[in-house]
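J.: predicted coordinates and the sequence they were generated for:
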Amino acid sequence: MGEKREEKMYTGSDTEGGITSGYQMNDGVKLKVPYSFSGSIFDEEEEKAVLSAMKQDSLTMGPQVQLFQEEFAKVHNVPHAFATTNCTTAMHVAAQVFDLREGDEVIVTPNTFIATTLVLLKEKVKPVYADIDPRTFNIDPSKIEEKVTPRTKAIYVVHYGGQICDMDPIMEIAKKHSLFVMEDCAHTVGAEYKGKKAGSIGDIGCFSFHSLKNITTLGEGGMITTNRDDFVDAIGKMRCMSIGQWPEEQKTFKFGDYTLTKEAVTDYWIPSHFDVISTKGHFGNNYRMNEPQAACGRAQLKKVDMLIQKRRENSRYLSEGLKGVKGLTVPYEDENCFHVYHLYTLCVEEEKLGAGRDEFMRILYKEEGIQGILHYQPNYHFTALKELGYGDQHCPNAEKFFYKRELNLPMHPRLTKKELNMIIEGVKKAADKVRK
């Protein structure tokens, strides 16, 4: 395991997940440094933890999940954490806990995986897109307030690539207009903003443990964090099928012809194992994490500082090696942030390079063997959003970023110095070739 782990990637031709399961194209290109779909490092600790959990009596929502939640909450300096099946379901829970309903509006970045938008559409809520800062690629606080209307109920921010948004002005806008704030922290386990951890600033934080992320729970998984005690009951119910306890103060339970008195309720099976209780008309789903996943997450959490440090060292090595290449911009680090580099985003400035991003990326891939990928197409350009009436021009910075500027170079903690040097050399050669 560890450095010896086999690097094999798959495509839509042999998996159901398609491009969400791997980036190998099987197109005959010989790659020097592929874009790995494995974002972390596994060793014997994960193996032992998972095998041990498999021998437990309970395989779901048991002691490993409870401990993982407690340990994750401690790392991120929040009182409450709830493990889920993935970040998408975590964000769906947030939408229900915020009591978002049909006709409500939520301000959101267009530069995000479709999941951030999808959880709003599921509740028939209207996503309203605010443009991004061209340096950080995060939602621009100065673009948010102009989008607020009487129907606005929340702001959904996404901490892109491992760097937290400029949260102080966002929280000020939220307070001024009485809006909820959800932090999409899919990229930012362990990241900080002015000393505050990701997921500890807004009303709810939602994390991802997908296989690409900085830590993983066997390929899928998520976590909800919150400082709000008043959300604890609702989050618990939305995550687990609206299940609750029968009221202890109730003296008599009557179900048809079956009546139970308080004296009988001392038996654990009476009146039944659980009640089902709606939360302001919202009903939960089964978004529970299993025990082997949580055990793996606990092992990953113990090495999270090491994993982050490796990503930071790798990213800064690339930036130093690529600094000064005409027409290319290395990632910007906000001095207020502790960047955890889930992504290493290189930007092509067409006017300075003398060629477009796609042409550069094509040479980098086909001739230099370095595989880059793109994140994220403005969500309102997807067919489903166009069918809802979204037009083409909404956020010019986000559109220029995706279609003309950005590509993500391979980034994970297992990259060797040799591979980093090959990336640097490949990028420089591609830049020279594309100029000619």
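T.: Noted; the coordinates are in hand. All values reported here derive from a predicted model rather than from experimental measurement. Numbering: from 1, shown residues only.
J.: how about the nearest residue to residue 135 once chain neighbours are set aside, secondary structure?
T.: In space, and not counting its chain neighbours, residue 135 is closest to residue 332: 4.5 Å by Cβ to Cβ, 6 or more residues apart in numbering. No exception for glycine: its C-beta is placed from N, CA and C like everyone else's. State at residue 332, reduced to three classes by DSSP: H, G, I helix; E, B strand; the rest coil: coil.
J.: doesn't residue 136 make contact with residue 332?
T.: Yes. Using Cβ atoms under 8 Å, residue 332 is in contact with residue 136, at 6.2 Å.
J.: the more surrounded of those two?
T.: residue 136 (22 against 16; other Cβ atoms under 10 Å).
J.: backbone dihedrals for that one, please?
T.: Main-chain torsions, residue 136, degrees, to the nearest 10: phi -100, psi -20.
J.: tell me the domain ranges of the protein?
T.: When the chain is parsed with automatic domain parsing, its domains come out as 2-37+302-435, 44-232+280-301, 243-276.
J.: just say which of those domains is most tucked in.
T.: Across the domains of the chain, averaging neighbours per residue (mean count of other Cβ atoms under 10 Å) puts domain 44-232+280-301 on top, at a mean of 21.
J.: which SS state does the closest residue to residue 375 other than its chain neighbours fall under?
T.: Leaving aside its sequence neighbours, residue 375 sits nearest to residue 408 (Cβ to Cβ, 6+ apart; 5.9 Å). Residue 408 falls in the strand class when you classify it by three-state DSSP.
J.: centre of the chain versus the helix or strand harbouring residue 432, how much separation?
T.: Using DSSP states H and E, residue 432 sits within helix 417-435. Centroid separation between helix 417-435 and its chain, computed with Cα atoms, centre = their mean, to the nearest Å, is 29 Å.
J.: can you put the domains of the chain in TSV and add mean pLDDT?
T.: Shown next, in TSV, are the domains of the chain (pLDDT from 0 to 100):
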stretch	mean pLDDT
domain 2-37+302-435	91
domain 44-232+280-301	97
domain 243-276	82
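J.: can you map out the strands along the stretch 51-200 of the chain?
T.: 80-84, 105-108, 126-129, 152-158, 180-184, 192-193, 196-197 (DSSP state E, counting those that start in this stretch).
J.: next one: the longest one to chain centre, how far?
T.: Its chain's average C-alpha position is 15 Å from that of strand 152-158, according to Cα atoms, centre = their mean.
J.: and that strand, which strands flank it?
T.: Paired strands of strand 152-158, with direction, are strand 105-108 (parallel), strand 180-184 (parallel) (DSSP bridges).
J.: how about residues contacting that strand?
T.: Residues external to strand 152-158 that are found in contact with it (Cβ atoms under 8 Å, 6 or more residues apart in numbering): 91, 98, 100, 104-109, 111-112, 116, 120, 125, 128, 138-139, 144, 165, 167, 170, 173-174, 177, 179-184, 186-187, 202.
J.: same check, this time on stretch 115-124
T.: For stretch 115-124, using Cβ under 8 Å, 6+ apart, the contacting residues are 87-88, 91-92, 94-96, 100-103, 106, 108-109, 126-127, 156, 158, 184, 379, 384-385, 388.
J.: repeat for stretch 302-312
T.: 40-41, 45, 75, 162, 189-190, 214-215, 300, 339-342, 411-413.
J.: ok, 7 Å please
T.: Stretch 302-312 has contacts (Cβ atoms under 7 Å, 6 or more residues apart in numbering) with 40, 41, 75, 189, 190, 214, 215, 340, 341, 411, 413.
J.: ditto for stretch 66-77
T.: Against stretch 66-77 from outside (Cβ under 7 Å, 6+ apart): 79-83, 190, 197-200, 223, 225, 294, 297-298, 301, 304.
J.: now do the helix or strand where residue 314 lies: distance to the chain's middle.
T.: Per DSSP H and E: residue 314 is located in helix 304-322. Relative to the mean C-alpha coordinate of its chain, helix 304-322 is positioned 20 Å out (Cα atoms, centre = their mean).
J.: give the other helices and strands that the next helix or strand after that helix contacts.
T.: As assigned by DSSP H and E, the chain's next helix or strand after helix 304-322 is strand 328-329. If you count contacts as 3 or more Cβ pairs under 7 Å, 6 or more residues apart in numbering; DSSP states H and E, strand 328-329 packs onto strand 344-348.
J.: got the contact list for the strand it packs on?
T.: With Cβ under 7 Å, 6+ apart, strand 344-348 has contacts from 137, 161, 315, 318, 327-331, 357, 360, 405-409, 411.
J.: check stretch 79-94 too.
T.: 65, 68-69, 72-73, 115-116, 118-119, 122, 182, 184, 186, 204, 206-208, 210, 220-227, 232, 235-236, 238-239, 287-289, 294.
J.: and the helices in the stretch 201-350 of the chain?
T.: 232-239, 291-302, 304-322, 350-353 (DSSP state H, counting those that start in this stretch).
J.: could those helices go into TSV alongside distance to residue 395?
T.: Below are the helices of the stretch 201-350 of the chain laid out as TSV (distance: least, Cβ to Cβ, whole Å):
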stretch	distance to residue 395
helix 232-239	30
helix 291-302	34
helix 304-322	26
helix 350-353	19
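J.: residue 419 is nearest to which of the ones you listed?
T.: With Cβ to Cβ as the criterion, residue 419 lies closest to helix 304-322 of these, at 9.1 Å.
J.: nearest residue to residue 164 in space, please, no chain neighbours.
T.: Closest to residue 164 by Cβ to Cβ, 6+ apart is residue 193, at 3.9 Å.
J.: ok, that neighbour - contacts?
T.: 164, 167, 201, 336, 337.
J.: who does the nearest residue to residue 271 once chain neighbours are set aside form a beta bridge with?
T.: Leaving aside its sequence neighbours, residue 271 sits nearest to residue 253 (Cβ to Cβ, 6+ apart; 4.4 Å). Beta-bridge partners for residue 253, by DSSP bridges, are residue 260.
J.: would you confirm that residue 253 contacts residue 272?
T.: No. Assessed by Cβ atoms under 7 Å, residue 253 is found out of contact with residue 272, at 9.2 Å.
J.: from residue 98, how far off is the closest residue in space to residue 322 that isn't next to it in sequence?
T.: Closest residue to residue 322 apart from its sequence neighbours, by Cβ to Cβ, 6+ apart: residue 330 at 5.4 Å. Residue 330 is 37 Å from residue 98, where distance means Cβ to Cβ, to the nearest Å.
J.: quick one: contacts for the residue nearest the centre of the chain?
T.: In the chain, the centroid-proximal residue (Cα atoms, centre = their mean) is residue 186; its distance is 1.6 Å. Applying Cβ under 7 Å, 6+ apart to residue 186 gives the contacts 87, 207, 208, 213.
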